[in-house]
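Colleague: Prediction below, plus the sequence it came from.
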Number of protein chains: 2
Amino acid sequence: MPISADANPALTIGPHALADLLGRWPTSDGALYRLLAARIGRLADTGELPAGVRLPPERTLAAALSVSRNTVALAYQVLRDEGMAASRQGSGTRLVPHRTTPAAVHRANGFFAGLLSAAPPFDLSVAAVDCAPPVAAALVDPATVLDEAERTRLTLGTGYLPYGLPELRRAVAAMLTAGHGVPTNPAQVLITTGAQQALDLLLRCEVAPGHPVVTENPTYPGFIDALHRSGARPVGVPPGDMARLADAVTVHRPALAYLMPTHQNPTGLVLPAAERHEIVALAARHHDVTFVDDMTVAELPLAPGADAGPPPPPLAALAPRLPNVVTVGSLSKTYWGGLRTGWVRAPEGIISRLAAAKSAADLGTAPVQQGLVAALVRDQHEAVIAYRASWARERYAAMAAALATFVPGWTWTAPAGGLTIWARRPGDADSGGFAQAALRRGVAVVPGRLLSVSADRSPWVRLAFTLPPDDLVTAVKTLATV
Amino acid sequence: MPISADANPALTIGPHALADLLGRWPTSDGALYRLLAARIGRLADTGELPAGVRLPPERTLAAALSVSRNTVALAYQVLRDEGMAASRQGSGTRLVPHRTTPAAVHRANGFFAGLLSAAPPFDLSVAAVDCAPPVAAALVDPATVLDEAERTRLTLGTGYLPYGLPELRRAVAAMLTAGHGVPTNPAQVLITTGAQQALDLLLRCEVAPGHPVVTENPTYPGFIDALHRSGARPVGVPPGDMARLADAVTVHRPALAYLMPTHQNPTGLVLPAAERHEIVALAARHHDVTFVDDMTVAELPLAPGADAGPPPPPLAALAPRLPNVVTVGSLSKTYWGGLRTGWVRAPEGIISRLAAAKSAADLGTAPVQQGLVAALVRDQHEAVIAYRASWARERYAAMAAALATFVPGWTWTAPAGGLTIWARRPGDADSGGFAQAALRRGVAVVPGRLLSVSADRSPWVRLAFTLPPDDLVTAVKTLATV
């Protein structure tokens, strides 16, 4: 099972895949070629680059990274000097086997590299919000939401609650029932460590390796990472294209279809009510396909007050009893990502299966904070949502104006909601080189290719507008100089 | 991909596997046959029993469950009446396809059913401790461990920390260095949601489906569940048998070997220092095998004070720089399971890979509680360990005395530490029927078969001594009546 040069002489990595894996390599101090060599060496240490892999030719990697060919040539020389690589006439430069663990087989994903590396000065790559004031108050001083007897009660018992704390399951069920028209009883709710865990558990339970999974394309990169790790076979459809979606479901008979009807990530689109009815009809005809409605950014409309009606109802509101419609959500984009609180709403059978999988994954999320969060969801949900809406609108306005002023050649459709702008640079060049060059100037963006399940070349970039407004303007000004 | 009766006419489930899946079915009120039918129906709803599966013959299921044949016959009749099952001459009773989701393929595991069902009056199946007083104080009133400025600081930033909160990584590194002789820098530490997540991530990163994995047998059932879900091929060796371990590693070349050298779960054995040196030598010869030392119950010695020397050092203390020795631990058995705080200590390369996998699994554990836990580990670790040691000794003494008094025919070796007794009932009968019968009297124990990676028949049972001493005595008295 270890990968060795002899066992797999055809093992290669393309320049764009390597650029994605490299992530934010040029953000430290030092000569570029040394930084590049150090980063490649580290990827070899971690097994992300398997021993024996052939590195891209100097010229193509230089183009993908927007650096000179000499920088790559010198980096490869450092790797050879350190015994990490070997070059042979006619077969290029290969990493030398030095520690051969069987590594997880997964696609290079520069998105998560963002969380795993030091953040650059202006990070437009992660849509992370601050901790809303009532949430911070509850975390700093729990007495603001629960009295001492209530807090003490949370520390009793075994602490193992794979389904989640009953109070939080009830609070989420009530919020879905009253706030979104999705009639939900608490037994239909599983509490997860963010929507990310909800998606990972769904993939682990509902999809076997090799099964097709339909997803909007482009989509949330965290789903793409979990999808690739699951071994599923992705089938992408453009967001909002009902004919392609119906075809994909009918032809591929996927195990799961992943959709974000409200404020799609990254495009910010809202699927109209008529299309939602079409999807529910499709689900009713295909009981063996699990349709996932990801509401993570659904409560973040950008049009202020009277301008916007409420968004159309979630899929589960149109078909609350269909056995194959699952709703996923999170408090990460409204309350705070550091709560790590997400949920799944599904028929009880699916919830039982997911809870069993969660037991094997982590035996349940810590209950005490769930008690605080339950009180917040029950008593202060509207206040948090209102706080976040004006927070997001102010930032969106700043970035939209900056884009129009400083990069007028870029094209984008105003998002109806969410925390990202999906923008296209002029021309057809893949945005990966641009993202690399921007990073060296201190601004991180997500190149469109990383939001594509098939890693297609893309001239698009995703820009999160979650920094303070002044920083957003500075960042866009910097992008204009790249 | 959906399993249907036509697609897989050979799909069957054995009586013992079904008994494990059924878990705690007889604990509710009502006629036994109705409870049995309802539980089987629910397993069909959840996909744990796939549509089309052939149920065991009435006679063999009755024996496995310690109920009359008539109870099973009536339960099957209820299932047929409700359209859930069909019987045909010569092919037995099958579940009728009614909702065919592709279900996760995993082994029936009655251990986790315990966490997922209502607990019986006397639960000896889960080794769960109470929340240690200083830990409860910190959770109820965080001001006991961190001042307001420190607490506020924990709510800043994105909240996404896949490696864990730096303060907690430092605290765990310092505890390992000073307390266990394992020199550790914080970059070698990943914080996880309990040891369960540490094991799951290791399996997801280091092991591909079909790879052999060596484990002590019997072992921790949470590892068995994650192992079966990973699709790995288990190879069991008796705890402490060095010759068999060396053979298994040499012959099978496993991706991973899972060991619990200190207070092995369930036996409570301590591996002597000489054997630990042998394992390290084995690891040095087999760099492609990841050796996991699970320290989850290592800080729970049962011999009081002067009677016991310190246990021999962890494997990583003997070989702190070997690239393939990984240490896993948890605060669940000393502080409280509800903290859901575990850790991995490994070379940085493995830590990077695990952190990337954790990003895809849940984007990181919630940071605020990690700040409280870091303060506890830094300042009150010795106090918590001392509290728990006397807590555990009092309970062990009560159960040991009760076993000697009320079931003198049972044989067991006094554990050196941990929270469980591994006891053998007289005779050779599998303990599954006994466990079912005990459950109907309100006492849950884990039948030995569920701690075996090959689900071997076993006359052993695992008894956790974590209830209050009086309850332990009552529970053992009840076992004597079964």
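Modeller: Right, received. Where do you want to start? Numbering: from 1, shown residues only, chains lettered A, B, ... in the order given.

Colleague: C-alpha coordinates for stretch A:263-270, CSV please?
Modeller: C-alpha atoms of stretch A:263-270 as CSV (Å, rounded to 0.1, in the frame of the first residue of the first chain):
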residue,chain,number,x,y,z
HIS,A,263,-28.1,32.6,-1.4
GLN,A,264,-26.1,29.9,-3.1
ASN,A,265,-22.4,29.8,-2.2
PRO,A,266,-20.6,31.3,-4.1
THR,A,267,-23.1,33.0,-6.4
GLY,A,268,-25.5,34.4,-3.9
LEU,A,269,-28.5,33.4,-6.1
VAL,A,270,-32.0,32.6,-4.8
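
Colleague: ok, that stretch near chain B or not?
Modeller: No: under the criterion of C-beta under 8 Å from any C-beta of the partner chain, stretch A:263-270 makes no contact with chain B; the nearest approach is 14.4 Å. Quick note: C-beta positions are derived from backbone N, CA and C, even for glycine.

Colleague: Now do the contacts for the residue in the stretch 301-450 of chain A that chain B sits nearest to.
Modeller: The nearest approach of the stretch 301-450 of chain A to chain B comes at residue A:338, 2.1 Å away (C-beta to the nearest C-beta). Shown here is residue A:338, whose contacts under the criterion C-beta atoms under 8 Å, 6 or more residues apart in numbering or on different chains are A:131, B:155, B:157-160, B:366-368.

Colleague: Select from those residues every entry located in helices.
Modeller: B:367-368 (DSSP state H).

Colleague: of all the contacts of residue A:338, which comes closest to residue B:475?
Modeller: Proximity of the contacts of residue A:338 to residue B:475 (C-beta to C-beta) peaks at residue B:366, which lies at 35.2 Å.

Colleague: still on that earlier bit, tell me the SS of the residue of the stretch 301-450 of chain A closest to chain B?
Modeller: helix (DSSP: H, G, I helix; E, B strand; the rest coil).

Colleague: quick one: it from residue A:364, how far?
Modeller: The spacing between residue A:338 and residue A:364, counted by C-beta to C-beta, to the nearest Å, is 19 Å.

Colleague: hang on, the earlier thing: can you put the contacts of residue A:338 in a markdown table and add distance to residue B:121, neighbour count and pLDDT?
Modeller: Formatted as a markdown table, the contacts of residue A:338 follow (distance: C-beta to C-beta, whole Å; neighbours: other C-beta atoms under 10 Å in any protein chain shown; pLDDT from 0 to 100):
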| residue | distance to residue B:121 | neighbour count | pLDDT |
| --- | --- | --- | --- |
| A:131 | 42 | 24 | 98 |
| B:155 | 41 | 23 | 98 |
| B:157 | 46 | 16 | 93 |
| B:158 | 45 | 23 | 94 |
| B:159 | 41 | 24 | 96 |
| B:160 | 42 | 21 | 94 |
| B:366 | 33 | 27 | 98 |
| B:367 | 38 | 27 | 98 |
| B:368 | 36 | 25 | 98 |
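
Colleague: would you list the contacts of residue A:338 in a markdown table and tack on distance to residue A:30?
Modeller: Putting the contacts of residue A:338 into a markdown table (distance: C-beta to C-beta, whole Å) gives the following:
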| residue | distance to residue A:30 |
| --- | --- |
| A:131 | 34 |
| B:155 | 34 |
| B:157 | 26 |
| B:158 | 26 |
| B:159 | 30 |
| B:160 | 27 |
| B:366 | 35 |
| B:367 | 30 |
| B:368 | 35 |
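
Colleague: which of the contacts of residue A:338 lies closest to residue A:181?
Modeller: For the contacts of residue A:338, the nearest to residue A:181 is residue A:131 (28.8 Å; C-beta to C-beta).

Colleague: Was I right to think the closest one contacts residue B:158?
Modeller: No: at 9.7 Å, residue A:131 does not count as touching residue B:158 under the criterion of C-beta atoms under 8 Å.

Colleague: Apart from its chain neighbours, what residue comes closest to the residue nearest the centre of chain A?
Modeller: Centroid-nearest residue in chain A, with C-alpha atoms, centre = their mean: residue A:222, separated by 2.9 Å. Distances taken as C-beta to C-beta, 6 or more residues apart in numbering or on different chains place residue A:196 nearest to residue A:222, at 5.1 Å, with adjacent residues excluded.

Colleague: Where does that neighbour sit: helix, strand or coil?
Modeller: Assignment for residue A:196 (three-state DSSP): helix.
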